[in-house]
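Enquirer: Structure of the sequence below:
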Amino acid sequence: MCILILVDSPAQQETRDILSDSGFDVAVAESLSEFASSLREPGIDAILLDISQTDSQCLDLFQNMRALSHDLPIVVFSVNDDKAEALEFIRNGAQDYLVKGVASREALQRCLEYS
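Expert: Numbering: from 1, shown residues only. A predicted model of the protein is given here:
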């Protein structure tokens, strides 16, 4: 299973390592243009939006991703433990919203496999 990760900071190696260690193939995009290019490659099964900041631009970014990715499931992985924000992402089409430091490695792995 191949997971495409869109990260908002190049320093977010931990998430990539977790997924690789869990047996996923991982493709990384550090910009929306890289993300769009990666979607042209065959074999992407799900998308992980790894956000370390919390602001309204993240929802805009998600909506742009949603438009580009068509039917691929998108899981949001955020530092923000905010129910209102999580519900907003879900209402806009996210498969799930997981909180870093709260969701276990196993929960992240299961969420991506089930998506």
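
Enquirer: Would you map the helices across the protein?
Expert: Assignment of helices within the chain using DSSP state H yields the ranges 13-21, 32-39, 56-69, 83-91, 105-114.

Enquirer: Give the buried residues for the top strand by length along the chain.
Expert: Looking across the chain with DSSP state E, the single longest strand is strand 44-51. With burial defined by 16 or more other CB atoms under 10 Å, the residues of strand 44-51 counted as buried are 44, 46-51. Heads up, the C-betas are built off the backbone N, CA and C, glycines and all.

Enquirer: Then stretch 87-96?
Expert: 88-89, 94-96.

Enquirer: Show me which pair in those residues is furthest apart.
Expert: 88 and 95 (14.3 Å; CB to CB).

Enquirer: My read is that residue 72 contacts residue 46, right?
Expert: Yes. If you go by CB atoms under 8 Å, residue 72 and residue 46 touch, sitting 6.3 Å apart.

Enquirer: picking up where we left off before, quick one: closest of the helices of the chain to residue 5.
Expert: Comparing those by CB to CB, helix 13-21 comes nearest, at 6.4 Å.

Enquirer: one step back: will you turn the helices of the chain into CSV that also has distance to residue 77 and mean pLDDT?
Expert: Output for those, formatted as CSV (distance: least, CB to CB, whole Å; pLDDT from 0 to 100):
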stretch, distance to residue 77, mean pLDDT
helix 13-21, 6, 83
helix 32-39, 15, 85
helix 56-69, 11, 81
helix 83-91, 11, 93
helix 105-114, 7, 89
